[in-house]
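> Model the structure of this input:
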Amino acid sequence: MSSRNGAAGESDKLYADHAKIYPSAVNGTFRRIKWAILVVGLAIYYFLPFLRWTRAPGQPDQAILLDLPGRRFYFFFVEIWPQEVYYVTGLMILAAFVLFLMNAVAGRIWCGYLCPQTVWTDLYFAVERVFQGERRQQMKRDQGPWTFDKIWRKAATHATWILIAWWTGGAWVLYFADAPTLVKELATFEAPSIAYVWIGILTASTYLLAGYAREQVCLYMCPWPRIQAALTDEWALNVSYRVDRGEPRGSLKQNNKLRAQGQPAGDCIDCGQCVTACPTGVDIREGLQMGCIQCGLCIDACDSVMVKLGKPKRLIGYDTDINIERRERGEGEIYRLFRARTMIYVVLIVVVAVVMGWRLSTRATLGVNVLHDRNPQFVTNSDGSIRNGYTVRLLNKEPHARDLTLSVTGLPDGYRLETASIARQDAGNLVFTIDPDQTREVRVQVVVPANAAIDKSTDLVFRLADTLGEAAVAKDFFKAP
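Coordinates of the predicted model:
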């Protein structure tokens, strides 16, 4: 926005000018937790496609595989068919409730520790420090002229970033095809072009988001900071500054002088270490802000200073709004992890998980779908019998071939089933052999003899059963003059 005379004024700006953030490296409890999650999470992401899982002959042996050409999703011992997409919906609902529970317990703990943007940005920060040094060295080098030392360090940083981004995109496409085979095809330039396209897209997005956008993704692109504010309450743990301990803040020399005079002085020496450690540049002493991802690095930075000063740790720590208010009134701290909000989320998570587990363990391994002919709906044969045509789709979800018997109920005696497909008759029913893990579409004619007592429209049931008694049914109708 500009002023009326065309000159841009500082007061007219909607957003502050972006300045690069140089977070300082810290050591402590929360930094170690973040390193552990980063290493374990990236190891799982990068190497999981190579994990094998024994299945029936003819089925892929990759533990996790999204087989789009075969229209299957394999997850260890679970095989999901296209018509079972509701399992994916259930997983999304379950993930949402888990995210809500995490927010109710400890605010944006997802953002600070588990979000892919946080994990890859942390990794990029680490690479930057390896080649360009710590915070002060990076700032001094960026402000200085372009020397050979600066050029090779910058080039090595970005080359490593691109390599990580390429590996990230390459690992993603390995979940959609046999990983060892696709790696070989990629190396020999024999892979499908779509694989190279997606690797390029994911390489570029990882490089840009983790290398350049960084905290801007959290501040402007991600909707979760705005959503979670409506889901939290005063009992949720959030990274907070202990105002009752820290204020009035001042330099170490100034605070010691105030204490010697018997005047109040806080433990905060205004060193700014909590600010320089923050990957989004937030000053947590100004209160909870949208830019704070609750990563806890400011806690580690402040704790290291408190240890040097001989003061208690956790001047900055995970705290609740309730306890902040209680300390201001001189009351003791209380915590309520188990409360209505968290218990509701726990119950919902358990219910969804149990329902999905029960549905998965009891799901049928065969299925039948029936589609009645639209035009004509019935045909009167020369002998007076009535014929209706159906397209029947038979599903065998087992890893071995099965003989499946198709029968019909709801019609008067004397009806017969006819088909031009390869099948055999068994007591008036049709027996089809369905290959393992396959569907088969057949044309079936249902013929009712002349003068049979039948309504203009009669409900009937198609039943598909195997030799062990498992069955599936589909309802339809029989039309007559």
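> what packs against the longest helix along the chain?
Assignment by DSSP state H gives helix 148-173 as the longest helix of the chain. Judged by 3 or more Cβ pairs under 8 Å, 6 or more residues apart in numbering; DSSP states H and E, helix 148-173 is in contact with helix 29-47, helix 116-132, helix 193-208. For glycine as for every other residue, the C-beta is placed from the backbone atoms N, C-alpha and C.
> winner for burial among the ones you listed?
helix 116-132 (a mean of 19; mean count of other Cβ atoms under 10 Å).
> Run the chain-centre distance for the helix or strand following that one.
Note on helix 116-132: by DSSP states H and E, the next helix or strand toward the C-terminus is helix 135-143. Here the centre of helix 135-143 is set off from its chain's centre by 36 Å, with Cα atoms, centre = their mean, to the nearest Å.
> Taking helix 116-132 as reference, get the angle to helix 135-143.
Here helix 135-143 points in a direction 80 degrees away from that of helix 116-132 (axes from the mean of the first three to the mean of the last three Cα atoms, to 10 degrees).
> Tell me the buried residues in helix 135-143?
Neighbour-count burial for helix 135-143 flags 135, 138, 141 (criterion: 16 or more other Cβ atoms under 10 Å).
> And the pLDDT at the first one?
This points to residue 135. What the model reports for residue 135 is a pLDDT of 93.
> From what I see, it and residue 20 are in contact.
No: taking contacts as Cβ atoms under 8 Å, residue 135 lies outside contact range of residue 20: 11.1 Å.
> and residue 34, what is it in contact with?
112-113, 122, 295-297 (Cβ atoms under 8 Å, 6 or more residues apart in numbering).
> likewise residue 367?
Residue 367 is in contact with 83, 394-395, 397, 464, 472, counting by Cβ under 8 Å, 6+ apart.
> hey, where'd the strands end up in the stretch 301-450 of the chain?
Listed in chain order, the strands of the stretch 301-450 of the chain (DSSP state E, counting those that start in this stretch) span 316-319, 366-372, 379-380, 386-396, 402-409, 416-419, 424-426, 429-434, 438-448.
> mean pLDDT lowest for which of those strands?
strand 424-426 (a mean of 85).
> Could I get the buried residues of helix 135-143 in a markdown table, plus columns for distance to residue 100?
Putting the buried residues of helix 135-143 into a markdown table (distance: Cβ to Cβ, whole Å) gives the following:
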| residue | distance to residue 100 |
| --- | --- |
| 135 | 36 |
| 138 | 38 |
| 141 | 44 |
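> How about the residue located most distally from the centre of the chain, nearest residue that isn't a chain neighbour?
What lies farthest from the middle of the chain is residue 383; by Cα atoms, centre = their mean that is 62.2 Å. Distances taken as Cβ to Cβ, 6 or more residues apart in numbering put residue 450 closest to residue 383, at 6.1 Å, once the chain neighbours are dropped.
> correct me, but the one you found touches residue 385?
Yes: using Cβ under 8 Å, residue 450 is in contact with residue 385, at 5.2 Å.
> Could you check which of the two is surrounded by more residues?
Comparing residue 450 with residue 385 by neighbour count (other Cβ atoms under 10 Å), the higher total belongs to residue 385, at 17 against 11.
> tell me the contacts of the more buried one?
447-450.
> now swap in residue 191 and tell me
182, 185.
> any idea how far it lies from residue 146?
Applying Cβ to Cβ, to the nearest Å, the value for residue 191 to residue 146 is 39 Å.
> and if you look at residue 192?
42 Å.
> wait, what's in contact with residue 30?
295-297, 299-300.
> cutoff 6 Å now
Residue 30 sits next to 296, 299-300 when contact means Cβ atoms under 6 Å, 6 or more residues apart in numbering.
> Spatially nearest residue to it (excluding sequence neighbours)?
Computed as Cβ to Cβ, 6+ apart, the closest residue to residue 30 that is not its neighbour in sequence is residue 296, at 3.1 Å.
> same question, residue 258
Excluding its sequence neighbours, the residue lying closest to residue 258 (Cβ to Cβ, 6+ apart) is residue 265, at 3.9 Å.
> repeat for residue 58
Counting by Cβ to Cβ, 6+ apart, the residue nearest residue 58 is residue 436, at 6.4 Å.
> what does the average pLDDT come to for the longest helix of the chain?
Mean predicted lDDT for helix 148-173 stands at 96.
> on that earlier part again, can you get me a residue count around the residue nearest to residue 30?
For residue 296, using other Cβ under 10 Å, the count is 24.
> Can you give me the end-to-end span of stretch 40-57?
End-to-end span of stretch 40-57 (Cα to Cα, to the nearest Å): 32 Å.
> okay, now the domains of this structure?
Under the assignment automatic domain parsing, the domains of the chain span 19-228, 238-328, 366-479.
> pLDDT below threshold where in the stretch 101-250 of the chain?
Along the stretch 101-250 of the chain, segments meeting pLDDT under 70 are nowhere present.
> Quickly list what residue 471 is bridged to.
residue 465 (DSSP bridges).
> Show the pLDDT at it.
For residue 471, the pLDDT comes out at 90.
> I'd like the numbering to begin with 48 instead of 1 from here.
Sure thing, new numbering starts at 48, so read that last one as residue 518.
> Look up how far residue 493 lies from it.
Using Cβ to Cβ, residue 518 is found at 19 Å from residue 493.
> Residue 329 too?
Residue 329 sits at a distance of 71 Å from residue 493 (criterion: Cβ to Cβ).
> Please apply the same query to residue 421.
Residue 421 sits 16 Å away from residue 493, going by Cβ to Cβ.
> now do residue 307
Counting by Cβ to Cβ, the gap from residue 307 to residue 493 is 101 Å.
> Residue 390 versus the closest residue to residue 278 other than its chain neighbours, what's the distance?
Spatial nearest neighbour of residue 278, chain neighbours left out: residue 150 (5.2 Å); criterion: Cβ to Cβ, 6+ apart. Taking Cβ to Cβ as the measure, residue 150 falls 15 Å from residue 390.
> Compare neighbour counts for those two and give me the winner.
With neighbours defined as other Cβ under 10 Å, residue 150 and residue 390 compare such that residue 150 has more, 25 against 13.
> who's in contact with the helix or strand that contains the more buried one?
Per DSSP H and E: residue 150 is located in helix 133-153. For helix 133-153, the external contacting residues (Cβ under 6 Å, 6+ apart) are 127, 156-157, 275, 278-279, 283-284, 388-389, 392, 395-396, 399, 403.
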